[in-house]
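> Return atomic coordinates for the entry below.
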Amino acid sequence: MKRIIFQLLFLTALILPFASACNEDENNPPRQELPDAPENSDDSDSTSESNVLVAYFSRANYVPEGTDAVSGATNKAGNTQTVAMELAQLTGGILFEIVPERNYPVSHTECSEIALQEYEADARPALTTHVEDMEKYNTIYIGFPIWRYCEPMAIRTFLEEYDFKGKTIRPFCTSMAVSIDDAQTNIARLCPDATVEDGLRISYNVPNNIKDLLSDWIGIE
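Presented below is the predicted three-dimensional model:
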């Protein structure tokens, strides 16, 4: 009997340490290496809608590639559009192209004649594109080439289509030599309830530092 009791005590002494160790591993599993925490990010902008609109009129999509400033209908193909696209990126604004129903000639001479006719008639060319929910935009950048020393008449159609009361309008233009002053005055006259800020004239040959010029104009450091 004593021998049996001794054997039982010996087996118990051997089993207990292993049982204790299993319970410890189950209740306290090995520590896992956690992945590196992601960098802080603000996703608020991804779901919010911009209150800035960058509207522009340009012949870039109609002037054949390679057309120069002399023979082209407007600016050296694409300059107003180029500026508008850069401005939209800098401001986070929504890009919108003002497209007339009329297809203006590529020839500089022919287009100038039509531009003069529209100016003298104070015409309002019909547009094929329209802004949805204009009321949600607080700041509207409006770009265009200078035609007959002022904005194209399609810009006046655009301005008279919406209510700009309480909004801020910032005009910009591409021009070889003519300033934006007259166009800015016309815009202020057509939108008396809006704040029309000083505009920006950019040469037909958009400079390489266009980003810096626009940043200075809109106040981005």
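
> how far away is residue 149 from residue 173?
11 Å (CB to CB, to the nearest Å). The C-beta positions use only the backbone N, C-alpha and C, and glycine is treated the same way.

> So the two - more neighbours on which side?
residue 173 (28 against 12; other CB atoms under 10 Å).

> Specify the local secondary structure of that one.
strand (DSSP: H, G, I helix; E, B strand; the rest coil).

> for it, what are its contacts?
Residue 173 is in contact with 80, 143, 144, 145, 146, 151, 180, 183, 199, 200, 201, 202, counting by CB atoms under 8 Å, 6 or more residues apart in numbering.

> close enough to count as contact, residue 118 and residue 112?
No: the pair residue 118 and residue 112 does not pass the contact test of CB atoms under 8 Å, sitting 10.8 Å apart.

> right, and the helix or strand after the helix or strand bottoming out on mean pLDDT in the chain?
Across the helices and strands of the chain, mean confidence by mean pLDDT, DSSP states H and E is lowest for helix 44-47: a mean of 36. Where DSSP states H and E defines the elements, the next helix or strand beyond helix 44-47 is strand 52-56.

> what are the pairing partners of that following strand, and which direction each?
With DSSP bridges as the test, strand 52-56 is paired with strand 94-97 (parallel), strand 139-145 (parallel).

> and among those strands, the most buried is which?
strand 139-145 (a mean of 25; mean count of other CB atoms under 10 Å).

> tell me the mean pLDDT over it?
Per-residue pLDDT over strand 139-145 has a mean of 97.

> Same check on stretch 114-125?
On average, stretch 114-125 scores 96.

> And that stretch, what's buried?
Neighbour counts using 16 or more other CB atoms under 10 Å place 114, 115, 118, 119, 123, 125 of stretch 114-125 among the buried residues.

> Quick check: the third one vs residue 209, distance?
According to CB to CB, residue 118 and residue 209 sit 34 Å apart.

> would you list every one of the strands in the protein?
Secondary structure of the chain, counting by DSSP state E: strands at 52-56, 94-97, 139-145, 168-174, 195-196, 200-202.

> what's the closest of those to residue 108?
Across those, residue 108 has its closest neighbour in strand 139-145 (11.3 Å, CB to CB).

> quick one, that closest one and strand 168-174 angle?
20 degrees (axes from the mean of the first three to the mean of the last three CA atoms, to 10 degrees).

> quick one: contacts of strand 139-145?
Strand 139-145 is contacted from outside by 51-59, 74-75, 79-80, 83-84, 87, 91, 93, 98, 151-152, 155, 158-159, 164, 167-175, 183, 187, using CB under 8 Å, 6+ apart.

> Buried ones among those?
52-59, 74-75, 79-80, 83-84, 87, 91, 93, 98, 151-152, 155, 158-159, 164, 167, 169-175, 183, 187.

> tell me the helices in the chain, going along the chain?
2-27, 44-47, 79-91, 108-120, 153-161, 181-190, 210-218 (DSSP state H).

> Any idea which of these has the lowest pLDDT on average?
In terms of mean pLDDT, the lowest-scoring of those is helix 44-47 (a mean of 36).

> Since that was my last question, I'll sign off now.
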